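Chemist: My questions are about this predicted structure, shown below with the sequence.
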Amino acid sequence: MIDAYQKISDIVDRSIGVISPRRALTRRMDRERLNLVGKRAEMYAAAKTTRLTGAWNPTNANINDIIGASAPYLRARQRQLIRDFPYLARAVRILVDYTVGTGIMFQSTVEDSDGKRDKKTSTKIEDAVKWWMDEASTDGKQHYYEIMRLEKRQDVEAGELIVVKTFEKIPNKYIPYALQSYEADWLTSSHDNYNSGGIDISADPMATETRQGIEYYKLTGRVKGYWFQDPNYGGKDVYVSAENVVHGFEMLRPQQLRGVPAFASGILIANDLQSYMDTEIDGAKMAAKWLAFIETPDAAMRQLNLNTQTASNGTDIQKIEELENAIIEYTRPGEKVVLSSSNRPSSSFDPFVRLLLTMLSIATGAPYELLSGDYRGMNFSTLQICRSDFAQQLRPIAARHVRQFAMPTINTAIDIAVLTGKLTLPGFWQNPRRYYAAEYQPPGMDAINPLREAKAQVESINFGLKSPQEVARERGRDLEDIYKEILAARELAKDMGLNFAAANKPEKNNPAAVEEQ
């Protein structure tokens, strides 16, 4: 009986959810609160409702219900704050610059049958990919790495990136393949039919349903296609097969279909901080305008209009004047001038803003020092710790951008280059993965103390704890490119008759000795 009631309730909730996801979410919240009655003795203390927790009874609804009801508001609020609030705008730039930088560099690493680097084939693939990158944008305005930066920004701002692969034949174009960036808002729910109650996956394992503009196989969750509104907000909706759509976001819970803006947990903090700072600045500006006030012993005249006085010719003279940012009042006989003194902002302003910025730093993932531009009290050790923590945090973010954006777009470029005869790769269609092998190099970080860190890197290499390739990657470089540059520099110096002396022995054996001189 209880199961039947639960099934009926679920059907009603799903039916309402098709029309109003927010209403369905509210119904589930109310039902879960009722189900908690009588079970409190079995709960963890943190789950019980007491006078301290009050009415804190959050829902544990389906992740897609929560995102469907919340994401439009989250995106709008976060974008507005990024436009208007400098700290949040800075947080976006930090994550984009340190994750993508000028581009996550592509380097082919194809191997031959003996497992050795096939330099000739790798060079052919790299040349073809670089040529396509110059023409990767459908509008012809952006290089591939610029699209990569844009999509990382979309990933941060909207919580998801969407790129549609197009295959238009354009004269003089290297290959008929380009990328078009879409916004998350273009996904339309006008074709949604999820939880309609009419889909039986036992009878039809390939049955699909559409939710928040995404059509997927109900049994597995694999996406089949996407419904987009016309980008020009007119005409018919457009359906695009999943194989031609690059859709990336951070998966927070199983079966999640859409992404959540990266700063969702910090939106309210950022808004409060912006309002507080605006109020404090306005108060300080107003207080700074008043230079002096008048104290008068004539209490009986306080109700009269004291803003003017009468001149000898009978005309009124204004008794309040403004000089630049100061105000002077003309006083009556016996009145005393008291200079204004303002204590705004107060001494508590700076530590309070620092606390809120620290909270915002935690919510956005951008280090406090980079977010605020405040480097007070930092030394080599704290800078090193900060950089190490930030680098560790960036690794999975950069790796996800490689898997969700770089690999699917570049691999398709290789496919089309082979298909159109621009690339000749023996046995490609039998084993394309061999030719997809590549390294994607995110931007590195400059050394805080180059001499000290160089010595540590050399010792790590000598003791076999690190490879030269790993050291180069930490700087955002490719070791082969570095060696090529060194060779070219030596050949150029030789051709020009230059001979640079080697470092003296103390410096060569101990680079840190230079610091001590």
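Modeler: Sure thing, it's come through. This is a predicted model, so every value here is computed, not measured.

Chemist: okay, and for the stretch 201-350 of the chain, where does confidence drop off?
Modeler: Across the stretch 201-350 of the chain, residues meeting the criterion (pLDDT under 70) sit at 201-202, 231-234, 289-342.

Chemist: Going along the chain, name the helices of it.
Modeler: 267-289, 349-364 (DSSP state H, counting those that start in this stretch).

Chemist: of all those helices, which gets the most neighbours per residue?
Modeler: helix 349-364 (a mean of 16; mean count of other Cβ atoms under 10 Å). Any C-beta I mention is one placed from the backbone N, CA and C, and that applies to glycine too.

Chemist: Beyond that one, next helix or strand please.
Modeler: helix 368-372 (DSSP states H and E).

Chemist: A417 and M133 touch, don't they?
Modeler: No. The pair A417 / M133 is not scored as a contact, 11.9 Å apart, by Cβ atoms under 8 Å.

Chemist: Format the helices of the stretch 201-350 of the chain as JSON lines; extra columns: distance to D155.
Modeler: Compiled in JSON lines, the helices of the stretch 201-350 of the chain are given as follows (distance: least, Cβ to Cβ, whole Å):
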{"stretch": "helix 267-289", "distance to D155": "17"}
{"stretch": "helix 349-364", "distance to D155": "13"}
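
Chemist: Among those, which comes closest to I486?
Modeler: Closest to I486 of those is helix 349-364 (Cβ to Cβ; 39.0 Å).

Chemist: what inclination does that closest one have with respect to helix 267-289?
Modeler: 160 degrees (axes from the mean of the first three to the mean of the last three Cα atoms, to 10 degrees).

Chemist: Which elements pack onto helix 349-364?
Modeler: helix 86-99, helix 267-289, helix 368-372 (3 or more Cβ pairs under 8 Å, 6 or more residues apart in numbering; DSSP states H and E).

Chemist: hmm, 6 Å instead?
Modeler: On a contact count with 3 or more Cβ pairs under 6 Å, 6 or more residues apart in numbering; DSSP states H and E, helix 349-364 meets helix 267-289, helix 368-372.

Chemist: Redo these as a markdown table? Include distance to T138.
Modeler: What follows is these, written out as a markdown table (distance: least, Cβ to Cβ, whole Å):
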| stretch | distance to T138 |
| --- | --- |
| helix 267-289 | 32 |
| helix 368-372 | 34 |
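
Chemist: Where does the residue sitting nearest the centre point of the chain sit, in terms of helix or strand?
Modeler: Residue closest to the average C-alpha location in the chain (Cα atoms, centre = their mean): V156, at 2.5 Å. Per DSSP H and E, V156 falls inside helix 144-157.

Chemist: Go through the helix or strand just after that helix and flag the buried ones.
Modeler: Of the helices and strands lying after helix 144-157 in sequence (DSSP H and E), the nearest is strand 161-166. Applying a neighbour-count criterion of 16 or more other Cβ atoms under 10 Å, one finds 161-165 buried in strand 161-166.

Chemist: ok, so of the residues you listed, who is nearest E126?
Modeler: Using Cβ to Cβ, the buried residues of strand 161-166 come closest to E126 at K165, 20.8 Å.

Chemist: Pull up the per-residue confidence for that closest one.
Modeler: As predicted, K165 sits at a pLDDT of 97.

Chemist: does it really touch N244, like I thought?
Modeler: Yes. The pair K165 / N244 is scored as a contact, 4.6 Å apart, by Cβ atoms under 6 Å.

Chemist: D139: which of the helices of the stretch 201-350 of the chain is closest?
Modeler: The nearest among the helices of the stretch 201-350 of the chain, by Cβ to Cβ, is helix 349-364 at 30.6 Å.

Chemist: Can you give the distance from that closest one to the centre of its chain?
Modeler: Helix 349-364 sits 19 Å away from the centroid of its parent chain (Cα atoms, centre = their mean, to the nearest Å).

Chemist: now swap in stretch 469-476 and tell me
Modeler: On Cα atoms, centre = their mean, the centre of stretch 469-476 falls 24 Å from that of its chain.

Chemist: who touches that stretch?
Modeler: 443-444, 457, 479, 482 (Cβ atoms under 6 Å, 6 or more residues apart in numbering).

Chemist: Just the buried residues of those residues.
Modeler: The neighbour-count test (16+ other Cβ under 10 Å) marks 443-444, 457 as buried among those.

Chemist: For these, please prepare a markdown table with the additional fields pLDDT and secondary structure.
Modeler: Formatted as a markdown table, those follow (pLDDT from 0 to 100; DSSP: H, G, I helix; E, B strand; the rest coil):
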| residue | pLDDT | secondary structure |
| --- | --- | --- |
| P443 | 89 | coil |
| G444 | 82 | coil |
| Q457 | 81 | helix |
